[in-house]
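J.: model this:
(chains A and B)
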There are 2 protein chains.
Amino acid sequence: MQKILRKILGAAGTSAIFIYGGALTGTSPVEAAVKCGPKPAAPAHWQIPANNNTVHWGYFSKGLKPQAVVHSGDFVTLETLTHHANDDASRMVDGDPGAESVFKWGKESKGVNRRGAGPMDASIKGRGAGEGFGVHVLTGPVYVCGAEPGDVLEVRILDMYPRPSANPKYKGKTFGSNAAAWWGFHYKDLIEDPKPREVITIYEIDATGQRGWAKAAYNYRWVPQTDPFGVVHKIIDYPGVPVDHSTITKNTNVLKGVRIPIRLHFGTMGVAPREADLVDSIPPAYFGGNIDNWRIGKGGTMYYPIAVKGGLLSAGDPHAAQGDSELAGTAIETSLTGTLQVILHKKKDLGGTLVEGLDYPLLETDTEWVVHGFSYANYLKALGEKAQSVIYSKSSIDTAMRDAFRKMRHFLMTAKGLSEDEAISLMSATADFGITQVVDGNWGVHGVMQKGIFPENTK
Amino acid sequence: MQKILRKILGAAGTSAIFIYGGALTGTSPVEAAVKCGPKPAAPAHWQIPANNNTVHWGYFSKGLKPQAVVHSGDFVTLETLTHHANDDASRMVDGDPGAESVFKWGKESKGVNRRGAGPMDASIKGRGAGEGFGVHVLTGPVYVCGAEPGDVLEVRILDMYPRPSANPKYKGKTFGSNAAAWWGFHYKDLIEDPKPREVITIYEIDATGQRGWAKAAYNYRWVPQTDPFGVVHKIIDYPGVPVDHSTITKNTNVLKGVRIPIRLHFGTMGVAPREADLVDSIPPAYFGGNIDNWRIGKGGTMYYPIAVKGGLLSAGDPHAAQGDSELAGTAIETSLTGTLQVILHKKKDLGGTLVEGLDYPLLETDTEWVVHGFSYANYLKALGEKAQSVIYSKSSIDTAMRDAFRKMRHFLMTAKGLSEDEAISLMSATADFGITQVVDGNWGVHGVMQKGIFPENTK
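T.: Down below sits the predicted model:
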């Protein structure tokens, strides 16, 4: 999910803060919490459950306390939760202790108070702490020992599977939510009444991950929801608002017989950016983040340029299925668990490798190289002090295509040793450029190059 | 190939002319040349060779003399020639009577004089008849008996295969040209010297069509070419200029070992537009034309809204391979022959069918439905009298994505009977939007929907 809030980011976005388990302090650096020690002979396998102590909601930060301190080669199994679980808490929260701890929201307190990179005092009326300026529940971060700016972090996605519904009524099933929301590409361009409207569609998924398709269970139109603090949400303007199902009208006559192909992936995964202490989780950029490319799933490997010491890898925004463009603003948002292996590539060793000079998130699958272009390759640097707000008025596929072209050229000339003439002819003849998303502020275009065309990969 | 000439279209673009075999007259309508007669019991199979009597170069026109007058259900085998054959005449023209008749250019005359929709008096210095305002060699048109505006023409692509080199030196092979040209997306954004530059890369292809990949043979940088009329072409500003190979430097150290996947298709295929008598072949629109989608190949079926009586289907701009975006301005441009079956769907019978209300070119493959969006769905109508020039300053993927979204919604609501809420959620979860081309003035975005998701197609 990618929520666009066209507001000015508050002071919290630029102050020098460090965050530990959600609490802000002004004194302790991340380093003080980290004990790396010597690298063991065998890789370790870390488990990070998802709960209100292990997630950060709506932002990346170089000041976050690590949830695991790992060495290159270690494995990490990471639970991730969809921030849309409260669209149907009965199916996606109830009975699940981790999810309950995150989504808990009473009259006095929330399981996770800060949601977004905005100010904690909710300066904008009718919102909450963090202002929903950033929406994704992210698990982590993972601190990688020895990682420093200029290095590259390779993240192999070894496995990924759905999180079963914990409600006994739905044994063997799990569910996801698709919100056709106000930040969607369609929203101001509707033809049926009422206009505009937001629509939630709940999908059912086989919890074992064996069945290759999802089906729609029902949908409902968003009606104003009053959160436990008493704030009314006329639209979907803050993440995790519990939807009171006594207020909505369920329509089960939806997409009868239609089978949506499953494409399990992390919508959001990346390392901490260097430019600000709190960074809205919505716009993706050089550090990865909310790329929303459905190819970032099992069997895929991501390469990220490391921007801060330790890298600080986080993942979340899990998706069961999404099309290129993520048109309506969200995918089928479903809680997932993934197993990753992290490999550190030191800057001094990058020369002559596939990731020499890498300054963007690169995906490798079994068959493809995929470069990721954005309206702004690094909007945080390019757009000045108010970059995190300004980016939402600068969204364009045209500029993202320009960026994707340059990155594909760089990849072909650097990783594959081609001349510029060779690279450009090859791109024209065989590179497929697609629209990753048009809903995340910093819009995305990905360029796909088949690996099998190169002699070293010819089968 | 898609050549963008940002010039004002001359008077020929709006005068009421009729064209017969390339000669202009002011009197005879197309209808006078057509004898439909009763529909025979069995479908006929028509053959249209490519030569200087059967092609029109650089434009569509409702005033063209048909090369075949067919009934719904008939088959047409259509030879098509790449307008880039003269980039290496030895490999792509010599010894081939059809190609020689088209590309013939002596001191006094050309095999095909008009190339483009511009004025015949070549008002712009240093160009030729038609001004190269439109560049594709198109074979046809095919007049479909009974076809009227409002009907839909279904064109099934039953077969497609390369045209072998007629030069005995290259027996069993054929060739294609990729021009990284001044209208490419990369041209003003080069990093290696000299800047700017145009580069031709010649590719070798298995003439039997059995080997699934092409390989680069050599490349050269464009140097000024003097055409047989004595006009110097400093850049690639007119189609079919013979390249004097004594003036160029061949570099055979190009893309060594790289195998480009073959994707045989017609870059350009469509019916005659209604809005003007001569229409530049470069910008695609509602009538099809230069869509440049590599999926429009063997096994595919196109559906076009018919704009003029008889439909007047033409095809050309054959490609051996192309990536989504056609980045450098051309594909691997290679002469091909295709066998089509044309099926007429009368307006009165469209209700309740997949093509009800169709006002854009729709592709069906074995596995997919593909809608085609453009910066302007119908630029000829939207941009006024000078539309054919103005479009080149209005190119945008952003607006093409808007158009593709609307067309996909229309398809899902009309052909599949979904509500708008269903259509939008389904698109977000599974429709893939890609960048068809960024080099044809009216830039393209295609939306792909898997057929297998619908219950009637579930296997």
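
J.: domain map for chain A?
T.: According to automatic domain parsing, chain A comprises the domains A:2-162+A:262-366, A:168-260, A:379-453.

J.: weakest of these by average pLDDT?
T.: Of all the domains of chain A, domain A:2-162+A:262-366 carries the lowest average pLDDT, namely a mean of 90.

J.: can that domain be said to contact chain B?
T.: Yes: with Cβ under 8 Å from any Cβ of the partner chain as the measure, domain A:2-162+A:262-366 is seen reaching chain B through A:321-332. C-betas here are computed from N, CA, C, even on glycine.

J.: using CSV, lay out the residues you listed together with neighbour count and secondary structure.
T.: Conversion of those to CSV gives the following (neighbours: other Cβ atoms under 10 Å in any protein chain shown; DSSP: H, G, I helix; E, B strand; the rest coil):
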residue, neighbour count, secondary structure
A:321, 24, strand
A:322, 27, coil
A:323, 28, coil
A:324, 25, coil
A:325, 29, strand
A:326, 32, coil
A:327, 30, coil
A:328, 29, coil
A:329, 27, coil
A:330, 35, coil
A:331, 31, coil
A:332, 29, strand
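
J.: break down the stretch 51-200 of chain A into its strands, ranges please.
T.: Using DSSP state E, counting those that start in this stretch, the strands of the stretch 51-200 of chain A run over A:55-57, A:59-60, A:68-70, A:75-80, A:137-144, A:152-162, A:173-180, A:199-206.

J.: and the longest one, what does it pack against?
T.: With contacts taken as 3 or more Cβ pairs under 8 Å, 6 or more residues apart in numbering or on different chains; DSSP states H and E, strand A:152-162 sits against strand A:265-270, strand A:301-305, strand A:311-321, strand A:336-345.

J.: would JSON lines of these with distance to residue B:177 be doable?
T.: Listed next are the helices and strands packed on strand A:152-162 as JSON lines, based on distance: least, Cβ to Cβ, whole Å:
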{"stretch": "strand A:265-270", "distance to residue B:177": "39"}
{"stretch": "strand A:301-305", "distance to residue B:177": "35"}
{"stretch": "strand A:311-321", "distance to residue B:177": "41"}
{"stretch": "strand A:336-345", "distance to residue B:177": "40"}
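
J.: pull the longest helix from chain A.
T.: When chain A is scanned for its longest helix (criterion: DSSP state H), the result is helix A:397-414.

J.: now that helix - C-alpha only, CSV.
T.: Only the C-alpha atoms of helix A:397-414 are listed here, as CSV (Å, rounded to 0.1, in the frame of the first residue of the first chain):
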residue,chain,number,x,y,z
ILE,A,397,6.3,8.1,-15.5
ASP,A,398,8.2,10.2,-18.1
THR,A,399,11.0,11.1,-15.8
ALA,A,400,11.0,7.5,-14.3
MET,A,401,11.5,6.1,-17.8
ARG,A,402,14.5,8.5,-18.3
ASP,A,403,15.9,7.2,-15.0
ALA,A,404,15.3,3.6,-15.9
PHE,A,405,17.0,4.0,-19.3
ARG,A,406,20.1,5.5,-17.6
LYS,A,407,20.3,2.7,-15.1
MET,A,408,19.9,0.0,-17.7
ARG,A,409,22.6,1.6,-19.7
HIS,A,410,24.8,1.7,-16.6
PHE,A,411,24.1,-1.9,-15.9
LEU,A,412,24.9,-3.1,-19.4
MET,A,413,28.1,-1.0,-19.7
THR,A,414,29.4,-1.8,-16.2
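
J.: what is the orientation angle of it with helix B:397-414?
T.: Counting by axes from the mean of the first three to the mean of the last three Cα atoms, to 10 degrees, helix A:397-414 lies at 110 degrees to helix B:397-414.

J.: does whichever helix or strand comes after helix A:397-414 reach chain B?
T.: Counting by DSSP states H and E, the element after helix A:397-414 in chain order, helix or strand, is helix A:420-430. Yes: using Cβ under 8 Å from any Cβ, helix A:420-430 reaches chain B at A:420-422, A:424-430.

J.: would you show me how to pick out the buried ones of those in ChimeraX?
T.: The buried residues among the residues of helix A:420-430 next to chain B can be selected in ChimeraX (16 or more other Cβ atoms under 10 Å in any protein chain shown) with this line:
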select /A:420,421,422,424,425,426,427,428,429,430
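
J.: for the residues of helix A:420-430 next to chain B, which one is nearest residue B:74?
T.: Nearest to residue B:74, judged by Cβ to Cβ, of those is residue A:429 at 34.0 Å.

J.: wouldn't that closest one be in contact with residue B:260 here?
T.: Yes: counting by Cβ atoms under 8 Å, residue B:260 is a contact partner of residue A:429 at 5.1 Å.

J.: ok, now which ones touch residue A:86?
T.: By Cβ atoms under 8 Å, 6 or more residues apart in numbering or on different chains, residue A:86 lies in contact with A:92-93, A:103, A:240-243.

J.: next, give phi and psi for the nearest residue to it once chain neighbours are set aside.
T.: Leaving aside its sequence neighbours, residue A:86 sits nearest to residue A:242 (Cβ to Cβ, 6 or more residues apart in numbering or on different chains; 4.6 Å). Backbone dihedrals for residue A:242, given as degrees, to the nearest 10, come out at phi -70, psi 130.

J.: what's the burial count for residue A:242?
T.: With neighbours defined by other Cβ atoms under 10 Å in any protein chain shown, the count for residue A:242 comes to 17.

J.: residues contacting it?
T.: A:86, A:89, A:103, A:105, A:225, A:227-228.

J.: before we move on, what about residue A:400?
T.: Contacts here follow Cβ under 8 Å, 6+ apart; on that basis residue A:400 touches A:373-375, A:436, A:443-445.

J.: still on that earlier bit, now render the domains of chain A as a markdown table, adding distance to residue B:342.
T.: Output for the domains of chain A, formatted as a markdown table (distance: least, Cβ to Cβ, whole Å):
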| stretch | distance to residue B:342 |
| --- | --- |
| domain A:2-162+A:262-366 | 32 |
| domain A:168-260 | 32 |
| domain A:379-453 | 30 |
